[in-house]
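[1] using only what follows, build the 3D model:
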Amino acid sequence: MTQKIRFTKMHGAGNDYIYVDATRNPLQNPGELSVAWSRPHTGIGSDGLVLIGRSDVADFSMRIFNADGSEARMCGNASRCIGKYVYDEGLTNRTTVTLDTLSGIKTLVLHPGPDGRIATVTVDMGAPRDLRTVDLGDGYGFRHGQFVSMGNPHLVLFVPDVEAVDLAAIGPRLERHPQFPGGINVEFAQILSGGRIRMRVWERGSGITQACGTGACATAVAASLVRLTERTATVVMDGGEVTIEWRESDGHVYMTGGAVKVFDGEIELTTE
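    Sure, this is the predicted structure:
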């Protein structure tokens, strides 16, 4: 027996996911489907699968599965895309909505463009936690890094030339560093002029991606902590850029960036 699943491919700063309205298309094994559908040649091709659902405590819920099938706690880029999806698809007419995630409830402020559709979204990512400098030890080429939790763990390393980093080689080694038994997201960052930061990312469970929203937040917080930038910075990633404000008034991190719909589609799912 086959079932047709409707999906929307979207990206935030190049961080692309497959979005499924789980209230209309319930999926029993999303981790396995994320692995299959994320493959670029035999699937749809993406960094993972995002399910949009109902919530008893917020307007909508989000579950996100990486390309390796593991479930992530939070993704800032995916959150922005959900904001665009629920508004443009008529699931809400409000420009402030709440989203239930494994990292808690996030507030999204939606900014419509001239065509009435959502162009950018600001996400209240909450307060960063467990801010500390870590000693990585010998054998990695990078002795010290900044640990920042944005609901998921990040290791930020500041380098003079981010393009010179062999991310494919060092990324998986740092992801599985003994200090982080559950794995960690790794960001390499270079300070540019004018409050801009160039960042490249190795995402836990997905590898090299075009962007990472929580990683951009962690990078901006780390840069402010070590006095390399002010509390507001633009983070430039391979797929695009976002503006991060670590607000003094409440200690929360606010991320503003674009959300782009790529296409709608259907994929057949064989069921027993």
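
[2] please make it C-alpha for all contacts and neighbour counts, starting now.
    Fine.

[3] contacting residues for W202?
    Neighbouring residues of W202 by C-alpha atoms under 8 Å, 6 or more residues apart in numbering: L167, A168, G171, P172, E175, N185, V186, E187, I208, T209.

[4] quickly find the element holding it.
    Counting by DSSP states H and E, the element that carries W202 is strand 196-203.

[5] isn't M237 up against R196?
    No: counting by C-alpha atoms under 8 Å, M237 stays clear of R196, with 10.6 Å between them.

[6] with neighbour numbers in mind, choose between those two.
    Using other C-alpha atoms under 10 Å, the more surrounded residue of M237 and R196 is M237, with 23 against 18.

[7] pLDDT score assigned to that one?
    pLDDT for M237: 97.

[8] swap in Q210?
    On pLDDT, Q210 comes in at 93.

[9] now do it: how many residues are near it, please.
    21.

[10] using PDB, list the CA coordinates for stretch 137-151.
    The C-alpha trace of stretch 137-151 is given here as PDB (Å, rounded to 0.1, in the frame of the first residue of the first chain):
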ATOM      1  CA  GLY A 137      44.000  19.300  24.500                       C
ATOM      2  CA  ASP A 138      46.700  18.300  22.000                       C
ATOM      3  CA  GLY A 139      46.300  16.700  18.600                       C
ATOM      4  CA  TYR A 140      43.400  18.900  17.200                       C
ATOM      5  CA  GLY A 141      45.300  22.000  16.000                       C
ATOM      6  CA  PHE A 142      43.000  24.200  18.000                       C
ATOM      7  CA  ARG A 143      43.700  24.400  21.700                       C
ATOM      8  CA  HIS A 144      40.900  26.500  23.100                       C
ATOM      9  CA  GLY A 145      37.300  27.000  22.100                       C
ATOM     10  CA  GLN A 146      34.100  28.600  23.500                       C
ATOM     11  CA  PHE A 147      31.300  26.400  24.600                       C
ATOM     12  CA  VAL A 148      27.800  27.800  24.300                       C
ATOM     13  CA  SER A 149      24.400  26.100  24.700                       C
ATOM     14  CA  MET A 150      21.500  27.400  22.700                       C
ATOM     15  CA  GLY A 151      19.400  24.500  23.700                       C
END
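
[11] buried set for it?
    Neighbour-count burial for stretch 137-151 flags H144, G145, Q146, F147, V148, S149, M150, G151 (criterion: 16 or more other C-alpha atoms under 10 Å).

[12] any residues touching the helix or strand V235 falls within, and which ones?
    V235 belongs to strand 232-237 when elements are defined using DSSP H and E. Strand 232-237 is contacted from outside by 13, 195-200, 210-211, 216, 220, 241-246, using C-alpha under 8 Å, 6+ apart.

[13] and if you look at stretch 265-272?
    By C-alpha under 8 Å, 6+ apart, the surrounding residues in contact with stretch 265-272 are M1, T2, Q3, K4, I5, R6, F7, T8, K9.

[14] state the mean pLDDT of stretch 20-37.
    Stretch 20-37 comes out with an average pLDDT of 96.

[15] what of stretch 250-269?
    Rounded mean pLDDT across stretch 250-269 is 96.

[16] and what of stretch 168-188?
    What stretch 168-188 shows for mean pLDDT is 96.
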